[in-house]
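[1] One predicted model, sequence on top.
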Amino acid sequence: MAKLKNKGVAVSLFRPEGEAGAFPVDAGEVVTVQGDVSEETDDAYIIGSDDNVLAWPKSQWELVTEAASAQPAREN
């Protein structure tokens, strides 16, 4: 499982804010993402495997290591 910190503005993952299944993430919040980092490009972390792969833009997200995690992560 990968942990990512939202280093940008608050966002709603998976669905627009207010819709069923939306997952709001505030600025500075850390989330746990299903899967491991399978690849890293210049501008994104590629996380997951098989049919469940997502690109998480580095402009919005910072990869968190256990030593750097200062707050509990939210599961999504």
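    Done, it's in.

[2] Quick check: which ranges of this structure have low pLDDT?
    By pLDDT under 70, the low-scoring segments of the chain are 67-76.

[3] go with 50
    For the chain, applying pLDDT under 50 flags the ranges 69.

[4] where along this protein do the strands fall?
    Along the chain, counting by DSSP state E, strands occupy 2-6, 11-13, 23-25, 30-33, 37-40, 44-49, 52-57, 61-64, 74-75.

[5] what's the spacing between the second one and its chain's center?
    Looking back up the chat, that one is strand 11-13. 10 Å (CA atoms, centre = their mean, to the nearest Å).

[6] and it, which strands flank it?
    Here strand 11-13 is paired, per DSSP bridges, with strand 23-25 (antiparallel).

[7] Counting neighbours, which bits of the partner strand end up buried?
    Across strand 23-25, burial judged by 16 or more other CB atoms under 10 Å covers Val25. Heads up, the C-betas are built off the backbone N, CA and C, glycines and all.

[8] Next: stretch 38-54.
    For stretch 38-54, a neighbour-count test (16+ other CB under 10 Å) marks Ala44, Tyr45, Ile46, Ile47, Gly48 as buried.

[9] Ok, stretch 20-35 next?
    Buried residues in stretch 20-35, counted by 16+ other CB under 10 Å: Val25, Glu29, Val30, Val31, Val33.

[10] so who does the last one touch?
    For Val33, the contacting residues are Met1, Ala2, Lys3, Leu4, Ile47, Gly48, Leu54, Trp56, Asn76, by CB atoms under 8 Å, 6 or more residues apart in numbering.

[11] Just want to check the distance between it and Gly18.
    From Val33 across to Gly18, the span is 22 Å (CB to CB, to the nearest Å).

[12] can you check the third one too?
    Remark: distance between Val30 and Gly18 (CB to CB) = 23 Å.

[13] ok, now the second one?
    When CB to CB is applied, the distance between Glu29 and Gly18 equals 18 Å.

[14] next one: the fourth one
    Here the criterion is CB to CB. By it, Val31 lies 19 Å from Gly18.

[15] With Glu66 instead?
    33 Å.

[16] Repeat that for Glu39.
    33 Å.

[17] Okay then, goodbye and thanks.
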